[in-house]
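Asker: just coords:
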């Protein structure tokens, strides 16, 4: 759903991408620095209970995922390794975000059940991506489901930042309940997405096994 806004944000950040290219910075370097920034924002600030600060830091770096792609296309540096590098580091950033929330609930959030929920979201997010990648490696498609990566990340980051902001403005810690509610919704959505991808690949595999349909 949120992919429709990708071109808009790419246009917004294009001048910065052009500046990086003039400075001789490669797209792969931008990918690495962006990922390091996301990881730092999640694993440094979330465990300390500084959720809003963590979200702001993560948001500042997460747009590198669009900048590096723009830079690669503009400079003609699109490559198989670049695509692999980008996808691999995306998984690292995703894990840091949900892992950071799990660390928050082990620490100041003090709720083992919510920590487990965050870990489940982390795990199912990885399975969702793996299911699609494995299907494509076998010559099939599995780009289906109700919980794409962008939707999951934007949802949890927006809710986490907003909940902590409302809490700090005086609404109280009850506002933070929005975070585990969102984690629960994402856990369900990710599980459904994995099931959807398994079923669509199963149908494709069965069709392949059956062979071509005889012509009338």
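Answerer: Yes, it's here. Fair warning: this is a prediction, and the values are worked out from it, not measured in the lab. Numbers count the residues shown, from 1 in each chain.

Asker: ranges for the helices of the chain?
Answerer: Using DSSP state H, the helices found in the chain span residues 6-22, 27-40, 51-62, 64-75, 80-106, 112-137, 149-166, 178-210.

Asker: redo the ones you listed as CSV? Include mean neighbour count, distance to residue 143 and mean pLDDT.
Answerer: (Glycine included, C-beta is placed from N, CA and C.) Listed next are the helices of the chain as CSV, based on neighbours: other CB atoms under 10 Å; distance: least, CB to CB, whole Å; pLDDT from 0 to 100:
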stretch, mean neighbour count, distance to residue 143, mean pLDDT
helix 6-22, 14, 15, 75
helix 27-40, 20, 22, 92
helix 51-62, 20, 21, 93
helix 64-75, 21, 17, 81
helix 80-106, 19, 14, 93
helix 112-137, 18, 6, 93
helix 149-166, 19, 11, 92
helix 178-210, 16, 8, 94
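
Asker: redo the ones you listed as JSON lines? Include distance to residue 172.
Answerer: Formatted as JSON lines, those follow (distance: least, CB to CB, whole Å):
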{"stretch": "helix 6-22", "distance to residue 172": "34"}
{"stretch": "helix 27-40", "distance to residue 172": "29"}
{"stretch": "helix 51-62", "distance to residue 172": "15"}
{"stretch": "helix 64-75", "distance to residue 172": "35"}
{"stretch": "helix 80-106", "distance to residue 172": "17"}
{"stretch": "helix 112-137", "distance to residue 172": "17"}
{"stretch": "helix 149-166", "distance to residue 172": "9"}
{"stretch": "helix 178-210", "distance to residue 172": "12"}
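
Asker: can I assume residue 184 is in contact with residue 117?
Answerer: Yes: at 6.3 Å, residue 184 and residue 117 qualify as touching, with contact defined as CB atoms under 8 Å.

Asker: who's in contact with residue 173?
Answerer: If you count contacts by CB atoms under 8 Å, 6 or more residues apart in numbering, residue 173 has them with residue 167.

Asker: residue 166 versus that one, what's the distance?
Answerer: Taking CB to CB, to the nearest Å as the measure, residue 173 falls 10 Å from residue 166.

Asker: for residue 82, same thing?
Answerer: Separation of residue 82 from residue 166 (CB to CB): 40 Å.

Asker: before we move on, what about residue 95?
Answerer: To residue 166, residue 95 is 27 Å away according to CB to CB.
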